[in-house]
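Asker: only geometry, no sequence info:
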RNA sequence: GCGGUCGUGGCGAAGGGGUUAACGCAUCGGACUGUGACUCCGACAUGCGCGGGUUCAAAUCCCGUCGAUCGCCCCA
């Protein structure tokens, strides 16, 4: 083979794209019901946007970005996530000047240069929503409820949501101090990964698989929340409860992007995709808009991994109606008939029928099989004898009954 | 970026130094001079991811490389 697709990418072929289209249809419909409108931003942005937006210290920025220089020597990066670009577009196009909260959604490819594994690709797709311009806890709850509703709409089972508050800046700093005070004394007894994590993202240490049980007495971030943070978190929960949304609080939930404040959450799947059990996540980012150069506007959003959804749907054998039966398959026998079939084929297609013919010069039997494979409702057969009489045979593939009609009556015989 | 496993026709899959590279599915042709089932017959890999090496001889052994897959870090 001369060429192979780049590592960690996927070809979506007929047979699977239908399943993607199904999920995308559900996404669009749900967005409409929740009044989120689509935005399409560039697939690459200036590298600096992600360095600032996503955060200089994150793994994404430090080692996972597909970056390149354009011909003018500008540093560009294929977007590793959707929020930074949407927020940039919000600021650049001054959507903050609009009267209502900006409720936006996007579906598209994201790029991260990681080693692929189950449910993780270098080019992957996210469906995400962003609500910019409101600090109301009700919108936090709406975003969380949106995600769960989406899973329900596409027929996915066994999903749940974990929520947490990472606090406002003051709360987080206070907590970091307390946590480090707890962790530092035991530093030498921890695994190598954890020793690294203490410096980079101390909260992560608590999730360590090796040293997990050493942290039973670790301080919880919830005890470090100041009044503003706590009030917000409680209000989010009240709103979720009001909607009948079940959630669990996970005080150790952290997200890998720097821009989160207050609310953070992750969507989980019971069955798991290999070692992965997260199918989406999000949170509030009250500093990001300003960070990107806009006014001091708060925001919240979430994103769902489409590949992971597809893996789970396949795993759960979710019924997806992706059949596309053909209205009619036209068979010509002989050259003269073939010319007439070409004419009829196009006329039927113009009238709105889905129609197909043989282009491989195959025998009648093979063409019948082809019609069968395509699930044609009717097969139409034209031979020289019919042609001479100005007639054509119409066979119902379901009843196997065949009638002969005038050529000009073909379309009406197919209803 | 690091580690495990694996790359044989369109698909599934046997073969682990000398075979004509099994078999199954699908496809195409025929038995049935113009009809989708079944059955039977026939065709279908000058080549075993790619590149080197060892050998009289390599799909089979060795090295490299590229992919796939699973896991780690991290994440969707």
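Answerer: It's in. Predicted model only: the values in this text are computed from it and were never measured.
Asker: wait, doesn't residue A:279 sit right on residue A:303?
Answerer: No. Counting by C-beta atoms under 8 Å, residue A:279 stays clear of residue A:303, with 10.1 Å between them. (Each C-beta comes from the backbone N, C-alpha and C, glycine too.)
Asker: how about the nearest residue to the residue of chain A found nearest RNA strand B, chain neighbours excluded?
Answerer: Chain A approaches RNA strand B most closely through residue A:256 (1.4 Å), counting by C-beta to the nearest atom of the strand. The shortest distance from residue A:256 to any non-neighbouring residue, by C-beta to C-beta, 6 or more residues apart in numbering, is to residue A:58 (5.9 Å).
Asker: ok, now which ones touch the one you found?
Answerer: If a contact means C-beta atoms under 8 Å, 6 or more residues apart in numbering, then residue A:58 has A:256-258 as its contacts.
Asker: Adding neighbour count, secondary structure and pLDDT, write the residues you listed out as CSV.
Answerer: Formatted as CSV, these follow (neighbours: other C-beta atoms under 10 Å; DSSP: H, G, I helix; E, B strand; the rest coil; pLDDT from 0 to 100):
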residue, neighbour count, secondary structure, pLDDT
A:256, 14, coil, 71
A:257, 24, coil, 75
A:258, 20, coil, 74
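Asker: Please enumerate residues in contact with the helix or strand of chain A with the lowest mean pLDDT?
Answerer: Lowest by mean pLDDT, DSSP states H and E among the helices and strands of chain A is helix A:192-200, with a mean of 77. Residues from elsewhere that reach helix A:192-200, judged by C-beta under 8 Å, 6+ apart: A:57, A:180, A:183-184, A:187, A:190, A:204-205, A:208, A:210-211.
Asker: do stretch A:32-47 as well
Answerer: Contact with stretch A:32-47 is made by A:28, A:31, A:65, A:67, A:74-79, A:82, A:84-86, A:88-89, A:103-109, A:111, A:129, A:131, A:142, A:146, as judged by C-beta under 8 Å, 6+ apart.
Asker: Show me those residues that map onto helices.
Answerer: If you go by DSSP state H, those have A:28, A:31, A:84-86, A:88-89, A:142, A:146 in helices.
Asker: Out of the residues you listed, which end up buried?
Answerer: Buried members of those, scored by 16 or more other C-beta atoms under 10 Å, are A:31, A:84-86, A:88-89, A:142, A:146.
Asker: among those residues, which two are most distant?
Answerer: Across those, the longest distance by C-beta to C-beta is 23.2 Å; it joins A:88 and A:142.
Asker: what's near enough to touch residue A:303?
Answerer: Contacts of residue A:303 (C-beta under 8 Å, 6+ apart): A:81-83, A:126-128, A:280-282.
Asker: Of those residues, which are in range of RNA strand B?
Answerer: Residues of those in contact with RNA strand B (C-beta under 7 Å from any atom of the strand): A:81, A:126, A:280-281.
Asker: Tell me the one among the residues you listed nearest to residue A:337.
Answerer: Residue A:337 has its nearest neighbour among these in residue A:126, at 51.6 Å by C-beta to C-beta.
Asker: Run through the bridge partners of the closest one.
Answerer: Using DSSP bridges, the bridge partners assigned to residue A:126 are residue A:108, residue A:305.
Asker: How about residue A:267?
Answerer: Here residue A:267 shows beta-bridge partners residue A:161, residue A:280, assigned using DSSP bridges.
Asker: My read is that it contacts residue A:158, right?
Answerer: No. At 11.1 Å, residue A:267 does not count as touching residue A:158 under the criterion of C-beta under 8 Å.
Asker: Give me the more crowded residue out of the two.
Answerer: More neighbours surround residue A:267 than the other of residue A:267 and residue A:158, with 25 against 12 (other C-beta atoms under 10 Å).
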